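S.K.: What would the 3D arrangement of this be:
(one chain, ligands or ions: 1)
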Amino acid sequence: AVAIGPLVGVHRRQYPHAELGILEQAFAVAEEHHRGQRRKSGEPFITHPLAVATILADLGMDTTTLAAALLHDTVEDTRYTIAQTQDAFGLEVAHLVDGVTKLDRVRFGADAEAETIRKMIVAGGRDLRVLVIKLADRLHNMRTLRYQPPHKQERIARATRDVLVPLADRLGIHVLKRELEGLCFAVLEPDEEAATLRLHAERARHRAALTAEMARWLIPDLREAQISATVTERPRHPYSAYRTTRERGGGSDELLDAARVLVLINRDDPSPGDCYAALGLVHGRWRPVP
Ligand code: MN
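M.R.: Numbering: from 1, shown residues only. So this is what the prediction gives:
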């Protein structure tokens, strides 16, 4: 059976004192109204709003947003109304559900990116949480896109790449942006995606060796400066390597080979001074690219 337990677990980790009654109630209402509906995958429809709410819980969104996410398709796809949503869950949840529903009805043409995003913010009733729910909604639909017929896969992936990826970028939600981008890449340019992933995997050992070499220089520098830090590999995301290469017109192996490291300052009381000092050490060793 589909259960709300895992969602509650994720949410509790970031909000130990969250009021869970509203989540349980939203889940019960959504489950009841979507009952009998199925996803293209054959799964009960409720798995979709539940997955969307879980993506948002992972991002650390608040309880109100999660309740709205559970209910986000009820008004569009069932007999449940906005008035009922407001009676049962209050104005804020109703406002978010209404915003997501309206956003689904806006057709985004070939406007410039800034204009499209402006239109989305207006359609979302100016509450940015509407747009974040929409992004999570699209992410789950993209994750399950293989159940759609090919022509639909391509149309959805194109709209995602042109409208939602720039939106995620603008909102600074890079976890969503990267995953959406990777999923679009697989649908729209399957050959390039396969080649890039192959290259990425082939070069893993070489990359690890470069990273280890950087760490060999950097770790003693950090120690000497009395900065406690860990240095780990931060490989470039394959899609971003592919795109940058295409923009620059070079070979993608060059970018996939770049040694990228993450220097994480270990302090109970992290001071921005230590971060800048570490950056200064890196710039002292290797010439920064302006
Ligand atoms: Mn949906």
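S.K.: For Ala186, give its distance to Pro290.
M.R.: 34 Å (C-beta to C-beta, to the nearest Å). Bear in mind the C-beta positions are built from the backbone N, C-alpha and C, glycine included.
S.K.: When the two are compared, which one has more neighbours?
M.R.: Counted by other C-beta atoms under 10 Å, Ala186 and Pro290 do not tie: Ala186 has more neighbours, with 19 against 3.
S.K.: How about the contacts made by the closest residue to Glu92 other than its chain neighbours?
M.R.: Leaving out its chain neighbours, the residue that sits closest to Glu92 by C-beta to C-beta, 6 or more residues apart in numbering is Thr64, at 5.3 Å. Going by C-beta atoms under 8 Å, 6 or more residues apart in numbering, Thr64 touches 22, 92-93, 96, 129.
S.K.: which residue is nearest the middle of the protein?
M.R.: Leu176 (1.3 Å; C-alpha atoms, centre = their mean).
S.K.: And the helix or strand containing that one, how far out from the chain middle?
M.R.: Using DSSP states H and E, Leu176 falls within helix 174-188. How far helix 174-188 lies from its chain's middle: 9 Å, per C-alpha atoms, centre = their mean, to the nearest Å.
S.K.: Counting neighbours, which bits of it end up buried?
M.R.: For helix 174-188, burial by neighbour count (16 or more other C-beta atoms under 10 Å) applies to 176-187.
S.K.: And stretch 56-66, by the same measure?
M.R.: 56-57, 59, 61-66.
S.K.: Which ones, among those, also lie beside the ion?
M.R.: Near the ion, judged by C-beta under 5 Å from the ion, there are no entries from the buried residues of stretch 56-66.
S.K.: Poorly predicted segments of the stretch 151-290 of the chain, please.
M.R.: 250-256, 267-270 (pLDDT under 70).
S.K.: Can you name the residue of it nearest to the ion?
M.R.: Nearest residue of the stretch 151-290 of the chain to the ion: Ile156, at 12.2 Å (C-beta to the ion).
S.K.: Who are the contact partners of that residue?
M.R.: Here Ile156 is in contact with 141-142, 145, 148 (C-beta under 8 Å, 6+ apart).
S.K.: distance between the helix or strand containing it and the chain's centre?
M.R.: Using DSSP H and E, Ile156 maps to helix 150-159. Averaging C-alpha positions (C-alpha atoms, centre = their mean) puts helix 150-159 19 Å from its chain's average.
S.K.: Buried ones in the helix or strand following it, by neighbour count?
M.R.: Sequence order places helix 165-171 as the next helix or strand after helix 150-159, per DSSP H and E. Across helix 165-171, burial judged by 16+ other C-beta under 10 Å covers 165, 167-169.
S.K.: same question, stretch 99-111
M.R.: 99-103, 108.
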